[in-house]
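S.K.: Sharing a model that was predicted from the sequence below.
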Amino acid sequence: MAKTHATGATKLGRDSNPKYLGIKIAAGQTAKIGNIIVRQRGTRLYAGENVRMGGDNTLYALKDGVVKVTSKAKKGFNSSKKKIKIVSIEAKKEKKS
């Protein structure tokens, strides 16, 4: 019986492709309708005003405007408090002529 495996039977070389997660549009920058603001796994950041969360927890813009990140205390079921970050968009105000 052979002491080692035959050639080509390596256990290496099965690395997965990168997922390119993270913040795509930072706070203070402008976003257009449909722009992806954050790609994430789980809810590290929550959707606020004019922002929606996709099926894979991606946050995207519903209106044109400036990205704003705020934090707030969220109360859990067992009365524990947890600090969360909320991403919202301040819509551009249209000028009346």
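M.R.: Okay, I see it. Numbers count the residues shown, from 1 in each chain.

S.K.: count of neighbours near the closest residue to Gly42 other than its chain neighbours?
M.R.: Ranked by Cβ to Cβ, 6 or more residues apart in numbering and with sequence neighbours excluded, the top spatial neighbour of Gly42 is Asn57, at 6.2 Å. Every C-beta, even on glycine, is put in place using the N, C-alpha and C of the backbone. The burial count assigned to Asn57 is 17, neighbours taken as other Cβ atoms under 10 Å.

S.K.: Could you tell me the phi and psi values at Asn57?
M.R.: According to degrees, to the nearest 10, the main-chain angles of Asn57 amount to phi 70, psi 20.

S.K.: Contact partners for it?
M.R.: Asn57 makes contact with 40-43 under the criterion Cβ atoms under 8 Å, 6 or more residues apart in numbering.

S.K.: same check, this time on Ala91
M.R.: If a contact means Cβ under 8 Å, 6+ apart, then Ala91 has 50, 63-65 as its contacts.
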